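# my questions are about this predicted structure, shown below with the sequence.
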Amino acid sequence: MMLTGSPGAREFRLTGTAPEHWYLLNMRPGATFDVEVDDEGITEVSSDRGGIVALKFAERAGQSVYVHEPRTGQTPIIDLRSPPSKD
């Protein structure tokens, strides 16, 4: 399945009969995007230099998919496994 639209974000739904392979066209070339699928975590993907993002969904049962540029201003992730350095 191929989708076109805004170079910064796409949103679509995976029906049970949807194809396994999806290609998002006209995305920002060479950029990183977050992929959010209902009831799953965020996955990071990159577009090629032509602005194409290739996605594969093994399970398709009505989930919503949101592909967008990473959000800025998020709280940084702090690693609690090791004590902070005393520099």
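Yep, it's here.
# can we go C-alpha only for contacts and neighbour counts from here?
Noted.
# ok, how many other residues are close to residue 23?
Neighbourhood size, residue 23 [other Cα atoms under 10 Å]: 14.
# that one reaches residue 2, doesn't it?
Yes. Counting by Cα atoms under 8 Å, residue 2 is a contact partner of residue 23 at 4.7 Å.
# run through who's touching stretch 20-30.
By Cα atoms under 8 Å, 6 or more residues apart in numbering, the list of residues contacting stretch 20-30 from outside reads 1-9, 46-60.
# if we use 7 Å, what do you get?
The contact list for stretch 20-30, computed with Cα atoms under 7 Å, 6 or more residues apart in numbering, reads 1-5, 7-8, 46-58.
# sheet partners, orientation included, of the strand or helix carrying residue 23?
Here residue 23 sits within strand 21-24, counting by DSSP states H and E. Strand 21-24 has the following sheet partners, assigned by DSSP bridges: strand 2-3 (parallel), strand 53-56 (antiparallel).
# pick the most deeply packed of these.
Comparing the strands paired with strand 21-24 by mean neighbour count (mean count of other Cα atoms under 10 Å), strand 53-56 ranks first with a mean of 16.
# any idea which element residue 16 lies in?
Remark: residue 16 resides in no helix or strand, with elements defined by DSSP H and E.
# how near is it to residue 41?
As judged by Cα to Cα, to the nearest Å, residue 16 and residue 41 stand 20 Å apart.
# just for this protein, where's the confidence low?
For the chain, the stretches flagged by pLDDT under 70 are 1, 5, 73-87.
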